[in-house]
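Q: Turn this into a structure:
(chains A, B, C and D)
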There are 2 protein chains.
Amino acid sequence: MAAISTTAQTPATGPDQTRLALIRAALVLFARNGYEATTTREIASTAKANIGSIAYHFGGKEGLHAACAQHIVETIRGIAGEALDGPDIPADLPPEMAVALLESLIERMVGFIVARPEGGEIVQFVLRELNRPTAALNTIYYGVFEPTHKRLCALWAIASGSERDADATMLTVFTLVGQLVYFRIGREAVSRRMGWKTIGAEEAAAIVEVARFNLRAILAARRKET
Amino acid sequence: MAAISTTAQTPATGPDQTRLALIRAALVLFARNGYEATTTREIASTAKANIGSIAYHFGGKEGLHAACAQHIVETIRGIAGEALDGPDIPADLPPEMAVALLESLIERMVGFIVARPEGGEIVQFVLRELNRPTAALNTIYYGVFEPTHKRLCALWAIASGSERDADATMLTVFTLVGQLVYFRIGREAVSRRMGWKTIGAEEAAAIVEVARFNLRAILAARRKET
DNA sequence: GTCTATAAACAGATAGAC
DNA sequence: GTCTATCTGTTTATAGAC
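A: Numbers count the residues shown, from 1 in each chain, chains lettered A, B, ... in the order given. You can find the predicted model right below:
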């Protein structure tokens, strides 16, 4: 078995520290190996906690899985901040503002999804849920996925001069996000093909550059349509 | 456990039929549940074959996994045909031809990745390999991934008037493919958000339309650069 | 709250009958 | 080539000591 080199090695010390350590360890392991392939022993050992504590804190493996989903929602909402929790996008926002917001959001998403280590864990965890939905998917879908997509659609509609709930708008937003996600999930292939050893700040900047170029190009073409 | 509704229910009859039935069943199950979460008993039962036949034909679970990777390469090369196995893209191909080829390739990729059921299994299988590479990834990477990407880069370079091995070219091709892959892996979220019950021919056409629009828009913008 | 011991089920591999 | 029986190890969940 390969050695485990996780960043979530928080040892259990104070009260409820065990709880958090278990969630962090479980998130990494569920993401990397999947729910069923992950054993509670492995989680407890990674979290430097006891096996019995999983039953105590979460009722069992399944409860721990649900807690991971909740943790993901809280983490993303914590990072996204007002970008997600702020007031609705006003319909009379100047288009230049919408473009600027879209660009900054894409830059932040690349930073989180592609460059940050937690991004990888979270993306993989969500991917597994999308492939085989459980109750955890609802938590994540309504917690971050739908609000994020709605917000991006609103910005895109203003920036491109289209309707925020038009099929083309929603699908285009999916393509914008999809291209970013791919750099995380296909990271192994991208690295091989690009000759990159790791995907750090420099590589992320190159990805942002291409993503920004694409955004502007598609936006310009959509504007011409109307 | 959820009922298994696979298209790969070929019963074992003639000689070597067992072999193929096992590969098909394993591919579906490995893709859906992952390597470790899939039991050899489950595979044998789905393939309507005996457990012992896995050891006989493939030496064990791992050999069956490797055979699945080989099967994926053969399947894709069979579908892609001359688009993958044909002669190299000549550097003096007319740009309009390159654009037309790119558009038709994207259309075919959407058809396979998004709409065909085997597309889902294969994408998921490859995704798991990318997340946690084994020997199977090498088979797939050198069998289809790298040749496909190289070919798309060559076409893109001609169509956009850039260098086929420039970083921007290779990254742009990744974004073009990435946006398509996302519609498969994020299918559950896309369906929910779009209000689609399934993703069939009609929905695939809408995706092709957006992907084609993006392709043309980015291409037009890249051409203006030079 | 944390830990150990154990129970009941299930895994992959294999040997050998047919 | 196919199938059954069985071995050895590992899984989750639980009961109860501390």
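
Q: By residue count, tell me the biggest helix in chain A.
A: Longest helix in chain A, counting residues (DSSP state H): helix A:201-225.

Q: Give the buried residues for that helix.
A: For helix A:201-225, the neighbour count (16 or more other CB atoms under 10 Å in any protein chain shown) marks A:203-204, A:206-208, A:210-211, A:213-219, A:221-222 as buried. Every residue, glycine included, has its C-beta placed from N, CA and C.

Q: May I have the predicted confidence score for the closest residue to DNA strand D within chain A?
A: Scanning chain A for the residue nearest DNA strand D gives residue A:39, at 3.3 Å (criterion: CB to the nearest atom of the strand). Looking at residue A:39, its pLDDT is 90.

Q: In contact with it, which residues are there?
A: Listed by CB atoms under 8 Å, 6 or more residues apart in numbering or on different chains, residue A:39 has no contact partners.

Q: Keep only those of the buried residues of helix A:201-225 that are also close to chain B.
A: Checking the buried residues of helix A:201-225 against chain B by CB under 8 Å from any CB of the partner chain, the ones in range are A:206, A:207, A:210, A:211, A:213, A:214, A:216, A:217, A:218, A:221, A:222.

Q: Could you double-check that the fourth one lies in contact with residue B:178?
A: No - proximity of residue A:211 to residue B:178 does not meet the contact threshold set by CB atoms under 8 Å, at 10.0 Å.

Q: Need the overlap of contacts for these two.
A: Joint contacts of residue A:211 and residue B:178 (CB under 8 Å, 6+ apart) are A:179, A:180.

Q: Where does the prediction get shaky in chain A?
A: By pLDDT under 70, the weakly predicted segments of chain A are A:1-15.

Q: Go again with 90.
A: A:1-18, A:36-37, A:41, A:50, A:79-86, A:225-226 (pLDDT under 90).

Q: now the helices: where do they sit in it?
A: Under the criterion DSSP H, chain A contains helices at A:17-33, A:40-46, A:52-58, A:61-80, A:82-85, A:95-110, A:117-131, A:135-140, A:146-160, A:167-185, A:187-194, A:201-225.

Q: Throw the ones you listed into a markdown table and include distance to residue B:95, thanks.
A: Below are these laid out as a markdown table (distance: least, CB to CB, whole Å):
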| stretch | distance to residue B:95 |
| --- | --- |
| helix A:17-33 | 43 |
| helix A:40-46 | 54 |
| helix A:52-58 | 59 |
| helix A:61-80 | 41 |
| helix A:82-85 | 40 |
| helix A:95-110 | 29 |
| helix A:117-131 | 36 |
| helix A:135-140 | 44 |
| helix A:146-160 | 27 |
| helix A:167-185 | 23 |
| helix A:187-194 | 24 |
| helix A:201-225 | 17 |
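
Q: among those, which is nearest residue B:188?
A: Between residue B:188 and those, the shortest separation by CB to CB is 4.7 Å, and it involves helix A:117-131.

Q: when you scan the closest one, is anything in it near chain B?
A: Yes - counting by CB under 8 Å from any CB, chain B is contacted by helix A:117-131 at A:124, A:127, A:130, A:131.

Q: Over to stretch A:97-108?
A: No - if you take CB under 8 Å from any CB as the test, stretch A:97-108 misses chain B, and the best it gets is 11.5 Å.

Q: Can you tell me what sits against that stretch?
A: Outside stretch A:97-108, the residues touching it (CB under 8 Å, 6+ apart) are A:80, A:83, A:89, A:152, A:155-156, A:158-159, A:176, A:180, A:208, A:211-212, A:215-216, A:219.

Q: If we use 7 Å, what do you get?
A: A:83, A:152, A:155, A:156, A:158, A:159, A:176, A:208, A:211, A:212, A:215, A:219 (CB atoms under 7 Å, 6 or more residues apart in numbering or on different chains).

Q: ok, now stretch A:119-139?
A: With contacts defined as CB under 7 Å, 6+ apart, stretch A:119-139 is touched by A:27-28, A:30-32, A:34, A:65-66, A:68-70, A:72-73, A:112-113, A:140, A:181, A:184-185, B:32, B:124, B:131, B:185-186, B:188-189.
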